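1. Below is the sequence, then the predicted model.
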Amino acid sequence: MQEGMHRRDFLGRALLAGLGGVALSPPLAIAAGAREGSDLASALRSGAFILYFRHAATVEGGNDRPFTPRAEQRNLSEYGINQSRLVGARLRALRIPLGEVLCSPFYRCTDMADLAFGRHRIERNLISLANTGRPRGRADWLRRRLSAPPPPGGNLVLIAHVHNFQRVARLSLREGEAAIVQPMREAGFRVLARRMPEDW
C-alpha cells in the first residue's frame with residue numbers, strides 16, 4: 001500500500017479509482033483556511049455518510065466464530081472499552097447525527113456499539129469474511145450498502161471487521177479505526193477520511 005494512504009490528512013485517504021467500485025475522492029466544498037477537523041464535522045452533520053468502524057481493541061485468544069458464548073470469543077480489552085466510549089463522546093461533542101447502528105454479531109462489535117452509541121442491530125452480512133459461508137455474498141452486500149445513501153435521520157454506522165473492508169475498499173483499518181464513506185449510488189463510493197478514536 002502506498003505510503004500516502006497512511007497520512008492523516010482529510011484528502012490523503014482517498015483510494016485509487018476503479019477498485020471495487022470506489023471512486024477517487026475529490027475535495028468536499030472547503031472554505032479557505034478551514035481546518036480539516038471542522039470541515040469534516042460540518043460535512044458529517046448533513047447525515048449523508050456512512051461510518052465504517054473496525055471493532056475496537058481486543059484481548060488475545062478466543063475463537064473467531066459468531067454466536068458462541070461470550071467467554072469463548074475474542075472480546076474487547078480494557079483499552080478497547082475505553083476507545084469505544086471515547087468514540088461516542090467525541091461524536092456527541094461534534095453534534096454528528098447518527099441513524100442506524102448495524103453490527104457484526106461478534107461481541108467485540110456489539111459491545112463497541114453499545115458502549116459508544118447505546119444501541120445496535122445485528123446484521124449477519126457483516127460477519128467477517130474470514131469466516132466460512134458466503135463470503136462473496138457478504139462482500140457484495142457491503143459494496144452495495146456503502147454505495148447507497150443512508151435513510152434520513154443521520155449517518156449510518158457499521159461496526160464489523162477488517163477483512164470485509166479490505167475486500168471492497170482495498171484498505172486496511174486498525175482496531176477502533178473508522179473510515180468515513182460517501183455513498184455515490186451507481187458510481188460506488190468514496191472513502192473521504194479515516195479516524196482513530198482519539199482523532200475525532
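-> It's in.
2. Could you measure from residue 182 over to residue 48?
-> 8 Å (Cβ to Cβ, to the nearest Å). Just so you know, the C-beta spots here come from the backbone N, C-alpha and C atoms, and that holds for glycine as well.
3. Of these two, which one has the most company?
-> When residue 182 and residue 48 are compared for neighbours, residue 182 comes out ahead with 20 against 15, by other Cβ atoms under 10 Å.
4. What does the pLDDT read for residue 93?
-> In this model, residue 93 is scored at 97, pLDDT.
5. ok, it - contacts?
-> By Cβ atoms under 8 Å, 6 or more residues apart in numbering, the contact set of residue 93 is empty.
6. do the same with residue 87
-> 53, 56, 112, 116, 176, 178, 197, 200.
7. tell me the phi and psi of the fifth one?
-> So the one you mean is residue 176. phi 90, psi -10 (degrees, to the nearest 10).
8. measure it to residue 156 for me?
-> With Cβ to Cβ as the criterion, residue 176 and residue 156 are 18 Å apart.
9. Tell me how many other residues crowd the closest residue to residue 108 other than its chain neighbours.
-> Nearest non-adjacent residue to residue 108, counting by Cβ to Cβ, 6 or more residues apart in numbering: residue 55, 4.4 Å away. For residue 55, the neighbour count with other Cβ under 10 Å is 30.
10. What distance do you get for residue 55 to residue 95?
-> Distance from residue 55 to residue 95, by Cβ to Cβ: 25 Å.
11. Check residue 171 too.
-> Residue 171 is 27 Å from residue 95, by Cβ to Cβ.
12. where do the helices sit along the chain?
-> Secondary structure of the chain (DSSP state H): helices at 36-44, 78-93, 107-117, 135-147, 162-169.
13. So which of the ones you listed is nearest residue 186?
-> The closest of the helices of the chain to residue 186 is helix 135-147. By Cβ to Cβ, the value is 7.6 Å.
14. coming back round to it: which of residue 171 and residue 95 has more neighbours?
-> Neighbour count, other Cβ under 10 Å: between residue 171 and residue 95, residue 171 has more, with 21 against 9.
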